[in-house]
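K.L.:
Sequence and predicted model, in that order:
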Amino acid sequence: MVEPNLELKDIYKSFGTATPAAGLSLSVNKGEFFTLLGPSGSGKSTVLRILAGLEQPDSGDVFINGEKVTHIPPWKRKIGMVFQQYANFPNMNVAENISYGLKGMNLKSTEISARVEELLALVGLEKFEARRVSQLSGGEQQRVAVARALAPNPRLLLLDEPLSALDEKIRREMQTELRNIQTKTETTFVYVTHDQEEAITMSDRVAVLNKGLCIQCDTPKEIFQKPRTKFVASFFRGCNILECKPDIGGKNNLLLAGQSIPLKIKGKKKNGSFFVAIRGEAINILKTQKNRSKSDFVQLSGHLKSITYRGVYSEHQIVLNDGQILSATLSHDQDFNEGQNVTILIQLEDIILLDQD
Ligand code: ADP
């Protein structure tokens, strides 16, 4: 059985009108790379600060390895933290920064040196031990901060938007680097980001937060391909959200742009509007209608509104018969013209019925 390393039980925290935790419960497994993803103001940093002990919840509890730590001060929690601002000591060199957290641990100087060597190798800074941190690039400084936080073997490493200050190329390299470091050390990482791509690239599981609540907690693949709500679906670039109506004639069917499609609306309320999510890359565009008897495909009609070159793909915007707009991501070699009538083909399993929230 997978052991929980960290548990948040019914955490509530408000600051006047803002409620960054509104009865939040989460469980993070030992050795997991767990990400809190959400827009700015959704409560991510406050939750991380509550985990660290830098903020007290109004109610609810935090457990680390089964021990209740809600009212235990930060320095007694055996947790490491990495922030967006590198938080190193600029007047010290790399080795001094890394060994700083080992002081007071009753280690011999040879043991400290060996641990520093090990961490320098882990973060790929072997040749930099005597360099002042102020002489390092942003990415290198963040490696020092990670090594320093990992030096005392924390029970958890909390990372608050640690790559946000880096430029795109270094950020991507550091995403892979951080994931490798986490896998090698088997330390539980709790990572905060507002960047959907970063979250799904690095994590074992992602919790999507909104207004202090967890809207969906799943593997990156599930979150990306099977969003449960409109909020989660709209968070991921390239996801279309379309409105449907119940099909009076067809049991449990929905009407999408005039087509009856068999989706399981059983158990959901039968009136009002429903929404489905369809990823842009799941959409095929055809010039003519196909005679398809198979019920695992849905055919819709519309016309091409625009074709936009976006580098690795072209975005094709289609106006469906009911006026709703669908955006498909296609390779460049497709031979379509703006204004042309088209048929849309989508596999039924790629049409995700969203919860009515
Ligand atoms: P995120 O990290 O997702 O951007 P935060 O946890 O920083 O979200 O903030 C969530 C909400 O709580 C915001 O509306 C923010 O203004 C508010 N907030 C956070 N910390 C404080 C504080 N110390 N005092 C007052 N309001 C705060």
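P.N.:
Yes, it's here.

K.L.:
Go ahead and confirm Tyr100 touches Phe89.
P.N.:
Yes - counting by CB atoms under 8 Å, Tyr100 does reach Phe89; the two are 6.8 Å apart. Any C-beta I mention is one placed from the backbone N, CA and C, and that applies to glycine too.

K.L.:
what number of residues lie near Ser59?
P.N.:
12 (other CB atoms under 10 Å).

K.L.:
nope, Gly60 is what I was after
P.N.:
Gly60 has 17 neighbouring residues, counting by other CB under 10 Å.

K.L.:
give the contact list for it.
P.N.:
Residues in contact with Gly60 (CB atoms under 8 Å, 6 or more residues apart in numbering) are 8-12, 21, 23-25, 70.

K.L.:
Find the nearest non-adjacent residue to it, please.
P.N.:
Ile11 (3.7 Å; CB to CB, 6 or more residues apart in numbering).

K.L.:
and the one you found, what helix or strand is that in?
P.N.:
Assigning secondary structure by DSSP states H and E places Ile11 in strand 4-15.

K.L.:
Direction included, what does whichever helix or strand comes after that strand pair up with?
P.N.:
The first helix or strand that comes after strand 4-15 along the chain, using DSSP H and E, is strand 18-29. According to DSSP bridges, strand 18-29 forms sheet pairs with strand 4-15 (antiparallel).

K.L.:
So for the strand it pairs with, mean pLDDT?
P.N.:
The pLDDT scores in strand 4-15 average 94.

K.L.:
repeat for stretch 156-165
P.N.:
Mean predicted lDDT for stretch 156-165 stands at 94.

K.L.:
Run through who's touching that stretch.
P.N.:
Outside stretch 156-165, the residues touching it (CB under 8 Å, 6+ apart) are 5-6, 28, 44-45, 48, 51-52, 64, 79-85, 138, 142, 145-146, 149-150, 171, 174-175, 178, 182, 187-195, 198.

K.L.:
And for the nearest residue to Arg49 once chain neighbours are set aside, the neighbour number?
P.N.:
Once flanking residues are discounted, Arg49 sits nearest to Glu55: 4.0 Å by CB to CB, 6+ apart. Neighbourhood size, Glu55 [other CB under 10 Å]: 17.

K.L.:
So for Glu55, what's the pLDDT?
P.N.:
95.

K.L.:
Wait, it touches Phe15, no?
P.N.:
No - taking contacts as CB under 8 Å, Glu55 lies outside contact range of Phe15: 9.7 Å.

K.L.:
what's near enough to touch Ala340?
P.N.:
Careful, residue 340 is Gln; it's not Ala. By CB under 8 Å, 6+ apart, the neighbours of Gln340 are 287, 303-304.

K.L.:
Looking at the host helix or strand of Lys184 now, give me its mean pLDDT.
P.N.:
Per DSSP H and E, Lys184 falls inside helix 168-185. The average pLDDT within helix 168-185 is 94.

K.L.:
Next: stretch 26-36.
P.N.:
pLDDT averaged over stretch 26-36 gives 96.

K.L.:
Can you list the neighbours in contact with that stretch?
P.N.:
Defining contact as CB under 8 Å, 6+ apart, one finds that stretch 26-36 is touched by 2-8, 44, 47-48, 156, 179, 182, 186-193, 198-199, 202-207, 209, 214, 217.

K.L.:
tell me how far the ends of that stretch are from each other?
P.N.:
10 Å (CA to CA, to the nearest Å).

K.L.:
how about that stretch: buried residues?
P.N.:
Judged by neighbour count (16 or more other CB atoms under 10 Å), stretch 26-36 contains these buried residues: 26-29, 31-36.

K.L.:
any residue of that stretch up close to the ligand?
P.N.:
No - taking CB under 6 Å from any ligand atom as the criterion, stretch 26-36 and the ligand are apart, separated by no less than 8.0 Å.

K.L.:
How far off centre is that stretch?
P.N.:
Stretch 26-36 sits 12 Å away from the centroid of its parent chain (CA atoms, centre = their mean, to the nearest Å).

K.L.:
What of stretch 8-18?
P.N.:
Centre to centre, stretch against its chain (CA atoms, centre = their mean), the figure for stretch 8-18 is 21 Å.

K.L.:
Could you do stretch 47-67 as well?
P.N.:
The mean C-alpha position of stretch 47-67 is separated from the chain mean by 21 Å, CA atoms, centre = their mean.

K.L.:
now swap in stretch 75-86 and tell me
P.N.:
20 Å.

K.L.:
same check, this time on stretch 187-203
P.N.:
5 Å.

K.L.:
That stretch: which residues count as buried?
P.N.:
187-196, 198-200, 202-203.

K.L.:
Over to stretch 153-172?
P.N.:
Within stretch 153-172, the residues scored as buried using 16+ other CB under 10 Å are 154-163, 165-166, 170-171.
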